[in-house]
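Student: Sequence and computational prediction follow.
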2 protein chains.
Amino acid sequence: MSATIRDVAERLHLSITTVSRALDGYADVSPETRRRVVEAAREMGYFPSRAARQLRKRQAEAIGIVVPTLTPGLADPTFLEFVAGLGDEATAHHYDLLVSTAPPESEAEKDLYTRWVHSRRVDGIVLGRARAQDWRIETLTAEGLPFVAYGKGPPGSAFPYVEVDSRTGMQRLVAHLVSLGHRRIAYIGAPERFGFQAERLAGYREGLAAAGLPPRPDYVAGGDLTQAGGRRAALHLLALPEPPTAILGATDLTAIGAIHAAHERGLTVGRDLAVTGFDGTTYAETMQPALTTLDQPLYAIARRLVALLLASLGRIPGEPAGQMQVTLTPEVIVRASSAGHVPNHFTPRDSYGMDH
Amino acid sequence: MSATIRDVAERLHLSITTVSRALDGYADVSPETRRRVVEAAREMGYFPSRAARQLRKRQAEAIGIVVPTLTPGLADPTFLEFVAGLGDEATAHHYDLLVSTAPPESEAEKDLYTRWVHSRRVDGIVLGRARAQDWRIETLTAEGLPFVAYGKGPPGSAFPYVEVDSRTGMQRLVAHLVSLGHRRIAYIGAPERFGFQAERLAGYREGLAAAGLPPRPDYVAGGDLTQAGGRRAALHLLALPEPPTAILGATDLTAIGAIHAAHERGLTVGRDLAVTGFDGTTYAETMQPALTTLDQPLYAIARRLVALLLASLGRIPGEPAGQMQVTLTPEVIVRASSAGHVPNHFTPRDSYGMDH
DNA sequence: TTGTAGGCGTTATCAA
DNA sequence: TTGATAACGCCTACAA
């Protein structure tokens, strides 16, 4: 099919050794020879066989990501931005990105990692969301396969990661709402198995405390990271005898669900009710009304993660000594969903039902 | 690092040949030997090296997809569902999925394909959206690399594909709106370079014709497949002296943008204005109001595409003779965004501006 | 039923 | 500065 290194060598009456080194940029090749080799290779459309190279170098020159899915085919759409970042940064370093999907904590997920590790399919792995208790971290550590994570995982973790300081972020978000005059502030969380949930909840509570507001257990609702879950939780909150005037969603998707719930109850978000998200997705931006949120630039984070991973593989000469554990503090992006003042005459709705 | 086939062979005092064949399920191995081999392999955590296997078999056991991006990091989020389908079906056949991103028609895209083809990195490629004039189709055909496409590409194409009969779909959608009493029906399209645009536009026009409605050029607006583009186009349509009572979006995202535009203009979608999409995404489902759309099950389509690709590679013994060019007719899913009757007293808005 | 041997296309070691 | 040679780990004729 395609040309091999041997073809190039024969055409130039050189040894394959010389061709290989000329192409890989070794110093001990005469400029003239290199020129001829490079030109011939280009003309012949020669590219080194990835498989042969991998076998010889014992490197896959590939990294992997497993996208968590709730049901087959249904994954958090913000993951695409993340995946795009991984792909672009990997490609920039001539690495390939392998993508697969599996439900979190499933056998399928485990199998995938096992296969990737043992068939030496990837040199390293990106963990999309580090969980508080995460067998992947233990397994990969035990197997000796390099990995990086989005989120810092259990306390004291030694691997490279990028995390967003959710806690401080939530504090700021609560402070923002308080500054608008809100006193009845609720939170729709994520399942506890996600590391960030504890942080965000803590930040929410600390934000309340900083404003001298007592915590109200009935103002903490459970979401599941989906829009539908956010809607359900918000319907529940809005049906409380004394409903909140502001709702913090653990994610943008959750918040968008809450906005829909508010509309269903006849409320105008940004006037009758403030809603905020967390992620800074494009959905938040184009939502109606635009969603106040905490910026979390997934694309940039993903690129950074790949850079960290490749650095820890020793593949990026420049960056090895760099800080391998990065904490970003998210900025509050104020938009229409939390604009204006606090509703004065907000009274309980007559409808307590949940229609889903 | 990991065990090799040689380790397994030595431990059992067998030749590597026997081990290889026992594991690959060849018939000429005694049951007893096979049992011992399989057990030892499991115990030792042996998996064949993918690189060695690929080199020897001259097969990558991988397929590739290039996700089109508008700007870095920003891709159509519905692609994730598509990618998930590709990944799941590929994994089911022990194939890997390579994902990369590039702007359509860019040098980067071209480089990517060149590298994948010539370094024999993938056995086949999935084309996400076949374009009307598509150099990828020509190139891949010329290179002899198998590929399948979502969309049938230029007329007379010989490669396997899955397409959705947009034309019939749009006709049905228009018929649905007409049956509700709509007469002023507009369409927000996609850029012409996308193969489906011509089809959808034709279907829209034929739908009008079938209902005896004359085509109105001012009712055809241009979108760019983004939500923001849909919003802009809808603002334009709604600012017409005689605005439409129904808007068909070329995609769900476009339609969602249109819904936002309608809200901005103070219209209630489903009452003052009907809006429909095309794709059947989860966004359409959870949108507020829920979006009438044409079902286009991306996840299932993606799986089917991979099956076709692997079949054309001769990798699926069962399916080779199957129909390789599949046309699906999308079903209209009626939801709240097009429910109810036609607005009687719909008059031009006083605002003609576009604030974006 | 099992084993021997050769080679897939590279890169790395060593010698010239 | 260049070349011969030996792996890398696996699969597969072919031989036993």
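Tutor: All right, it came through fine. All values reported here derive from a predicted model rather than from experimental measurement. Numbering: from 1, shown residues only, chains lettered A, B, ... in the order given.

Student: any idea how far residue A:113 is from the closest residue to residue A:136 other than its chain neighbours?
Tutor: Spatially, and ignoring its direct neighbours in sequence, residue A:136 is nearest to residue A:127 (6.0 Å; C-beta to C-beta, 6 or more residues apart in numbering or on different chains). Every residue, glycine included, has its C-beta placed from N, CA and C. As judged by C-beta to C-beta, to the nearest Å, residue A:127 and residue A:113 stand 10 Å apart.

Student: got any residues that touch both of these two?
Tutor: Listed contacts common to residue A:127 and residue A:113 are residue A:136; contacts here mean C-beta atoms under 8 Å, 6 or more residues apart in numbering or on different chains.

Student: follow-up on the earlier one: ok, the residue nearest to residue A:136 touching residue A:145?
Tutor: No - applying C-beta atoms under 8 Å, one finds residue A:127 not in contact with residue A:145, separated by 11.2 Å.

Student: Next, the contact list for residue A:174, please.
Tutor: Contacts for residue A:174 (C-beta under 8 Å, 6+ apart) come out as A:185, A:203-204, A:206-208, A:210-211, A:248.

Student: I'd say residue A:65 and residue A:124 touch.
Tutor: No - Residue A:65 is not in contact with residue A:124 according to C-beta under 8 Å; the separation is 10.3 Å.

Student: pLDDT weak spots in the stretch 251-356 of chain A?
Tutor: Confidence mapping of the stretch 251-356 of chain A against pLDDT under 70 gives the ranges A:315-322, A:340-356.

Student: how many other residues sit next to the residue in it that DNA strand D sits nearest to?
Tutor: Of all residues in the stretch 251-356 of chain A, the one sitting closest to DNA strand D is residue A:313 (17.8 Å; C-beta to the nearest atom of the strand). The number of residues packed near residue A:313 is 17, by other C-beta atoms under 10 Å in any protein chain shown.

Student: which residues touch it?
Tutor: A:123-124, A:146.

Student: how about it, phi and psi?
Tutor: Backbone geometry at residue A:313, expressed as degrees, to the nearest 10, gives phi -90, psi 0.

Student: Tell me the residues of chain A that contact DNA strand D?
Tutor: A:13-18, A:21, A:27-30, A:32-33, A:52, A:55-56, A:58 (C-beta under 7 Å from any atom of the strand).

Student: burial of the residue in the stretch 251-356 of chain A positioned nearest to chain B, as a residue count?
Tutor: As assessed by C-beta to the nearest C-beta, chain B sits closest to residue A:299 within the stretch 251-356 of chain A, at 3.1 Å. Applying other C-beta under 10 Å, we find 22 residues neighbouring residue A:299.

Student: How much space separates residue A:43 from residue A:11?
Tutor: 9 Å.

Student: Which members of the residues of chain A next to DNA strand D additionally contact DNA strand C?
Tutor: Filtering those for neighbours of DNA strand C using C-beta under 7 Å from any atom of the strand leaves A:16-17, A:52, A:55-56.

Student: Out of the residues you listed, which end up buried?
Tutor: Among those, those classed as buried by 16 or more other C-beta atoms under 10 Å in any protein chain shown are A:52, A:55.

Student: Of all pairs in the ones next to DNA strand C among the residues of chain A next to DNA strand D, which one is the farthest apart?
Tutor: Across these, the longest distance by C-beta to C-beta is 17.4 Å; it joins A:17 and A:55.

Student: where exactly do the helices run in the stretch 51-200 of chain A?
Tutor: Applying DSSP state H, counting those that start in this stretch to the stretch 51-200 of chain A gives helices spanning A:79-92, A:107-118, A:135-143, A:166-179, A:195-210.

Student: CA atoms of the first one as PDB?
Tutor: What follows is helix A:79-92, C-alpha atoms only, in PDB (Å, rounded to 0.1, in the frame of the first residue of the first chain):
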ATOM      1  CA  PHE A  79     -17.700  16.600  27.300                       C
ATOM      2  CA  LEU A  80     -17.400  17.300  23.600                       C
ATOM      3  CA  GLU A  81     -15.600  20.600  24.400                       C
ATOM      4  CA  PHE A  82     -13.400  18.700  26.700                       C
ATOM      5  CA  VAL A  83     -12.700  16.000  24.200                       C
ATOM      6  CA  ALA A  84     -12.000  18.600  21.600                       C
ATOM      7  CA  GLY A  85      -9.300  20.100  23.800                       C
ATOM      8  CA  LEU A  86      -7.800  16.800  24.500                       C
ATOM      9  CA  GLY A  87      -7.700  16.000  20.800                       C
ATOM     10  CA  ASP A  88      -6.200  19.300  19.700                       C
ATOM     11  CA  GLU A  89      -3.400  19.200  22.200                       C
ATOM     12  CA  ALA A  90      -2.700  15.600  21.600                       C
ATOM     13  CA  THR A  91      -2.600  16.200  17.900                       C
ATOM     14  CA  ALA A  92      -0.300  19.100  18.400                       C
END
